[in-house]
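Asks: Below is the structure, and that's it, no one-letter string:
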C-alpha cells in the first residue's frame, strides 16, 4: 500500500484568502477572512477557491496586498499555534452578532443588550453552569450593537451587489416603490431580481428618503448615484417595474 500523500501549504494559496495553521505538526489552511480552519485534505487550490467564492464572493477580486493585511491581523490575534484563541473569539463574536440581529429585528433600543440581555445571560449561565466568563467573549454594549448592525448591513449590501455583478449574463431587473415608515416619512425602496448560481433571487437593494415633491428625475438620479457608487451598469438592467 503506497504511503499517504502529505499535503503541504504553498504561499500562493494566500491569493485565495488562506494562510498556514499548524496543529500537532499537521499543516492546515485557515481563512484570513472568517478564521475558519479547514482539514489538511483541503490544501488544494480548487477547494480553497471554492471556499472563497461561496463564503466571501465580495472579496473575489481583491488584490494580494488585501489578503496579506488580513493574514497579518489574523496572526496577531493568535495566542498559540492551534488557533484556539481565535476560535474562541470567533464563537463569542458570532454569539454577539446573533443577539444584535434579533435586537434589530425586534426594533428594540440598542442599549437593551448591555442593560438587560447580557445580565440575564450571565445569571442563567452562572446558575446552571456555576460560573460565567460571558463578558470576556460577548460584547453587547450600545456602541457595539450600533456599529455591528451597520457592519452587517454593509456586508449584506456588498453580497447583493456582488451577486448582481456576477449574475447570469450580468442581467438584472429592478422594482421601485414608495412606502411610509413608523415616523410617517416617505421612503423610496428599490429591489433587485437576478439569476445567481442557477437560482432566481429577489433582494432588497437600498432605501432613500425622497424630497417632499418627488419627481421621476429625482428618483432616477438617486438610483443612478447608487449604481455609480457600487459599479453597477445601466446597460445590464433588462427590466424596471414601478407603480406609475
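Replies: Thanks, I have it. Computed from a prediction, not measured in an experiment: that's the story for all the values here.
Asks: Quick check: residue 31 vs residue 70, distance?
Replies: Distance, residue 31 to residue 70, using C-beta to C-beta, to the nearest Å: 9 Å. The C-beta positions use only the backbone N, C-alpha and C, and glycine is treated the same way.
Asks: Kindly report the same for residue 48.
Replies: 14 Å.
Asks: quick one: which of those two has more around it?
Replies: The neighbour count for residue 48 versus residue 70, taken as other C-beta atoms under 10 Å, is higher for residue 48 (22 against 19).
Asks: contact partners of the helix or strand hosting the more buried one?
Replies: Residue 48 is part of helix 45-55 when elements are defined by DSSP states H and E. Outside helix 45-55, the residues that touch it by C-beta atoms under 8 Å, 6 or more residues apart in numbering are 12-13, 16-18, 29, 31, 33-34, 36, 38, 42, 59-60.
Asks: Using TSV, please lay out the residues you listed together with secondary structure.
Replies: Below are the contacts of helix 45-55 laid out as TSV (DSSP: H, G, I helix; E, B strand; the rest coil):
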residue	secondary structure
12	helix
13	helix
16	helix
17	coil
18	strand
29	strand
31	strand
33	coil
34	coil
36	coil
38	coil
42	helix
59	helix
60	coil
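Asks: For the buried ones among those, write the corresponding ChimeraX selection.
Replies: Entered in ChimeraX, the line below selects the buried ones among the contacts of helix 45-55, by 16 or more other C-beta atoms under 10 Å:
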select :13,16,17,18,29,31,33,36,38,42,59
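Asks: which one of the contacts of helix 45-55 sits closest to residue 231?
Replies: residue 60 (13.3 Å; C-beta to C-beta).
Asks: Next, the contact list for the closest one, please.
Replies: Here residue 60 is in contact with 52-53, 162, 166 (C-beta under 8 Å, 6+ apart).
Asks: Just the closest of those residues to residue 231, please.
Replies: The closest of the contacts of residue 60 to residue 231 turns out to be residue 162 (C-beta to C-beta; 9.9 Å).
Asks: Is it correct that that closest one is in contact with residue 58?
Replies: Yes. Between residue 162 and residue 58 there is a contact under C-beta atoms under 8 Å: 4.5 Å.
Asks: you'd agree residue 22 is in a strand?
Replies: Yes. When three-state DSSP is applied, residue 22 is found to be in a strand.
Asks: what about it, neighbour count?
Replies: A count of neighbours around residue 22, defined by other C-beta under 10 Å, yields 13.
Asks: Let me know the helix or strand that the most centrally placed residue in the chain is in.
Replies: Computing the C-alpha centroid of the chain and ranking residues by C-alpha atoms, centre = their mean puts residue 155 first, at 4.0 Å. Assessed by DSSP H and E, residue 155 sits inside helix 142-165.
Asks: got a list of contacts for that helix?
Replies: Among residues not part of helix 142-165, those counted as contacts by C-beta under 8 Å, 6+ apart are 57-58, 60, 96-97, 100-101, 103-104, 110-111, 113-114, 170, 172, 192, 194, 196, 201, 203-206, 230-232, 236.
Asks: so of those residues, which ones are in strands?
Replies: Per DSSP state E, strands hold the following members of these: 172, 192, 194, 196, 201, 203-206.
Asks: any chance of the residues you listed in JSON lines, plus pLDDT?
Replies: As requested, the ones in strands among the contacts of helix 142-165 are exported to JSON lines (pLDDT from 0 to 100):
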{"residue": "172", "pLDDT": "95"}
{"residue": "192", "pLDDT": "95"}
{"residue": "194", "pLDDT": "95"}
{"residue": "196", "pLDDT": "90"}
{"residue": "201", "pLDDT": "93"}
{"residue": "203", "pLDDT": "94"}
{"residue": "204", "pLDDT": "93"}
{"residue": "205", "pLDDT": "93"}
{"residue": "206", "pLDDT": "92"}
